[in-house]
Structure formats: C-alpha cells, structure tokens
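In: After the sequence you'll find the predicted model.
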Amino acid sequence: QEVLLHQDGLKQLVINNHVLRREIRRQREIIKDLEEEISELQSSIQTLRQRARDPREVIFADVFLRRPK
C-alpha cells in the first residue's frame, strides 16, 4: 500500500518535471525572440534619431536658413 503511494508520487514528480522542462524551453524561445525584437527596435530607434531634425529647424525654417554645403 505504502509502496503504491510512493510510486504514484514519483510518477507525478516525473510528469511535473517533464511539464516544467517543456515550459522552460518555451520560455527560453520566447525570451530569445523578444531579445531579437529588442535589437531590431533599438536599431530602428537609432535610425529614426539620426533622421530626425531639430524641432526648432522645422518650426523656424525661415529663421534657420540652411547654407549650401
């Protein structure tokens, strides 16, 4: 009787471990995907910052005349 209880407990532990391992793998994949997405977004932000003009130049374009290079 007691041995059967231990066997059931061990079976449940094995099942739980399997589920946890699968979830850990899934979460690692999600983290990896999010890290890649963060890298892409950081690159986009950097590009946008480089393209962005000073707001004063946009608002006061007639005051800040651009000189020919």
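Out: Structure received. Bear in mind that the values here come from a model prediction, so they are computed numbers and not experimental data. Residues are numbered from 1 along each chain as shown.
In: tell me the contacts of residue 43?
Out: Contacts for residue 43 (C-beta atoms under 8 Å, 6 or more residues apart in numbering) come out as none. No exception for glycine: its C-beta is placed from N, CA and C like everyone else's.
In: Centre of the chain to the helix or strand where it lies, how far?
Out: Using DSSP states H and E, residue 43 sits within helix 2-51. Between the centre of helix 2-51 and the centre of its chain there are 12 Å (C-alpha atoms, centre = their mean, to the nearest Å).
In: With stretch 51-66 instead?
Out: That offset, for stretch 51-66, works out to 35 Å (C-alpha atoms, centre = their mean).
In: tell me the mean pLDDT for that stretch?
Out: Throughout stretch 51-66, pLDDT has a mean value of 75.
In: what's the spacing between residue 46 and residue 56?
Out: In this structure, residue 46 and residue 56 are 22 Å apart, going by C-beta to C-beta, to the nearest Å.
In: which element follows the helix holding residue 43 toward the C-terminus?
Out: Following helix 2-51 in sequence, per DSSP H and E, is helix 55-59.
In: which residue is nearest the middle of this protein?
Out: What sits nearest the mean C-alpha location of the chain, by C-alpha atoms, centre = their mean, is residue 34, with 2.4 Å.
In: Local confidence estimate at that residue?
Out: Per-residue pLDDT puts residue 34 at 98.
In: Can you report phi and psi for residue 54?
Out: phi -60, psi 130 (degrees, to the nearest 10).
In: ok, residue 35 - how many residues close by?
Out: Here the count is done by other C-beta atoms under 10 Å, and residue 35 has 10 residues near it.
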